[in-house]
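1. From the sequence below, what's the structure:
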Amino acid sequence: MRYRFDLHIHSCLSPCGDLASSPTAIVAKAKAAGLNGIMLADHNTSRNSPALAEACHRQGLPCRFGMEITTAEELHALAVFDTLDAAAAMTDLIYAALPKRVNQPEVFGDQPIVNADDEIEEIEWRLLSAPCRLGVRDIGQSVHALGGLFIASHVDRPTFSVFSQLGAIAGDEGFDAVELTRFANRADWAPKLHGLPILRSSDAHYLHDIGNAYTEADMPDFTVTSLRTALQSRKG
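-> The predicted structure follows:
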């Protein structure tokens, strides 16, 4: 089956995300945009993934579960898992490594945890926009121990990317793939990526951004195993 997927969509739980971006609204927009595989990648948390799972189940849209982690080096990386339990375990690990600071919504934005009926169940008090104290290599090892994929986010961006923060990819960070934005020229970036597989994602913070960038691949199903195999064919 041909999958058109996006592994990097922010919900209302991300402090920089739009409050209109509930999991249910994201699913509706993703289907309208022709996507048939998605994942929420909220900053340092997967706590809106249960709502995504239910919304996707109702609409028949395949999804995976994960988050976008801010490492100690202040670079962003995606963690992709097959199960809610694995994503929750990674969330617990990151929460334990976040600074014990309370979010200030008037400064950083609101952080609502919602259900599939768009009802607010809780307001996340932690400062999700902060970097955790775990380095990129330690995070990569933890993601792999939980059976996940570890992907360097938007490497072509001038902030919060492995290139902006570390200068280059060394090759031993543990990345399974790298993500380019829709603005990047693949041919320009491929020589810098140590042969790592390349994908594109929207990094959508607003509903209208969903569908602006995606990756396509033939896969038997939308699972971590199939994603890993498909991405190997996209090596730089």
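
2. ok now the helix or strand harbouring R4, how far from the chain's centre?
-> Per DSSP states H and E: R4 is located in strand 2-9. Put simply, strand 2-9 sits 11 Å off its chain's centre (C-alpha atoms, centre = their mean, to the nearest Å).

3. Show the subsequent helix or strand relative to that strand.
-> According to DSSP H and E, the helix or strand after strand 2-9 is helix 23-32.

4. what packs against that following helix?
-> Helices and strands touching helix 23-32, as assessed by 3 or more C-beta pairs under 8 Å, 6 or more residues apart in numbering; DSSP states H and E, comprise strand 2-9, strand 37-40, helix 49-59. C-beta: built from backbone N, CA, C; applies to glycine.

5. contact partners of that helix?
-> Residues outside helix 23-32 that contact it (C-beta atoms under 8 Å, 6 or more residues apart in numbering) are 6, 9, 11, 38, 40, 48, 51-52, 54-56, 58-59, 61, 114, 116-118, 207, 210-211.

6. mind checking the longest helix of the chain?
-> helix 84-97 (DSSP state H).

7. pLDDT on that one, on average?
-> The average pLDDT within helix 84-97 is 98.

8. list the buried ones in that helix?
-> Going by neighbour count (16 or more other C-beta atoms under 10 Å), the buried part of helix 84-97 is A86, A87, A88, A89, M90, T91, L93, I94, A97.

9. How far away from the center of its chain is that helix?
-> 14 Å.

10. so it versus helix 49-59, what angle?
-> In terms of direction (axes from the mean of the first three to the mean of the last three C-alpha atoms, to 10 degrees), helix 84-97 departs from helix 49-59 by 160 degrees.

11. Now tell me what touches the next helix or strand after helix 84-97 from outside.
-> Counting by DSSP H and E, the next helix or strand C-terminal to helix 84-97 is helix 105-108. Residues outside helix 105-108 that contact it (C-beta under 8 Å, 6+ apart): P15, C16, Q111, L127, S129.

12. can I assume the first one is in contact with D110?
-> Same thing as P15. Yes: P15 is within contact range of D110, at 7.2 Å (criterion: C-beta atoms under 8 Å).

13. Which one's more surrounded, the two?
-> A direct count of neighbours by other C-beta atoms under 10 Å for P15 and D110 places P15 higher, at 22 against 16.

14. So that one versus P112, what's the distance?
-> For P15, the distance to P112 (C-beta to C-beta, to the nearest Å) stands at 10 Å.
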